[in-house]
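J.: Next comes the sequence, and after it the predicted model I'd like to discuss.
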Amino acid sequence: MKDDLEKFIGENRELFDDKEPTGKVWSKIKDRVPARRHRFLWLWKAAAVLFFLTSLTLYFRGDLRTKAQLLAQKEKISSDFKDVESFYFELISEKKSLINNFEDEVEIDYGYEQDLQNLDAMYEVLKDELRSNPSKKVVDALLLNLVVRIDILNKKLAELEADDLEQETWEANDPEI
């Protein structure tokens, strides 16, 4: 059926194309179409402006809220870290003073201090990073730095205590002393 219609239109094409609508018909169509389109055009414009203003408001409120949350997080991380940092620094100070007490009795190899100085330099870089970009990863790196320092000092203390014990044993077994 469809093929028959297409065939009929194709064969009689000139008969369909010879007639044109009058200008009166086109003017009626023209008057109706823009009127309908203009009737709701103001509604679309208002909706676009409302959407734009809502988007801006949500963006800036979210941006301000995010900044406030970051600031609060930064202060919390900073205050929590200060307590832990002071504990570790006190522990490091105690270990250093114990090592310094061995100075009188045993000759100390100060090579470990170079490692501590390197760790201290890395610590300062991490502290700067914490100030500019506070995050759990940076805090973890700072804590690891402090733990490594304590480990180095503990190893040095164990070494000094072993040397001291060896020297005491040697002195006890040497009859000339």
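T.: Perfect, I can see it now.
J.: make it CA atoms for all contacts and neighbour counts henceforth
T.: Will do.
J.: Check the gap between the residue nearest the centre of the chain and Thr54 for me.
T.: Nearest to the mean C-alpha position of the chain, counting by C-alpha atoms, centre = their mean, stands Ser135 at 6.8 Å. Distance, Ser135 to Thr54, using C-alpha to C-alpha, to the nearest Å: 32 Å.
J.: Please save the CA atoms from stretch 87-103 in CSV.
T.: Coordinates of each C-alpha in stretch 87-103 appear next as CSV, following Å, rounded to 0.1, in the frame of the first residue of the first chain:
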residue,chain,number,x,y,z
PHE,A,87,55.2,13.7,73.7
TYR,A,88,57.6,12.5,71.0
PHE,A,89,59.9,15.4,71.4
GLU,A,90,60.0,14.8,75.2
LEU,A,91,60.8,11.2,74.6
ILE,A,92,63.6,12.1,72.1
SER,A,93,65.0,14.6,74.5
GLU,A,94,65.2,11.9,77.2
LYS,A,95,66.9,9.5,74.9
LYS,A,96,69.5,12.1,73.9
SER,A,97,70.2,12.9,77.6
LEU,A,98,70.7,9.2,78.3
ILE,A,99,73.1,8.9,75.5
ASN,A,100,75.0,12.0,76.7
ASN,A,101,75.3,10.4,80.2
PHE,A,102,77.4,7.7,78.6
GLU,A,103,79.9,10.2,77.3
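J.: can you give me the mean pLDDT across stretch 16-32?
T.: Stretch 16-32 shows a mean pLDDT of 75.
J.: List the buried residues of it.
T.: Along stretch 16-32, no position meets the burial threshold by neighbour count (16 or more other C-alpha atoms under 10 Å).
J.: swap in stretch 134-149?
T.: Under the neighbour-count criterion of 16+ other C-alpha under 10 Å, stretch 134-149 has Pro134, Ser135, Val138, Val139, Leu142, Leu143, Asn145, Leu146, Arg149 buried.
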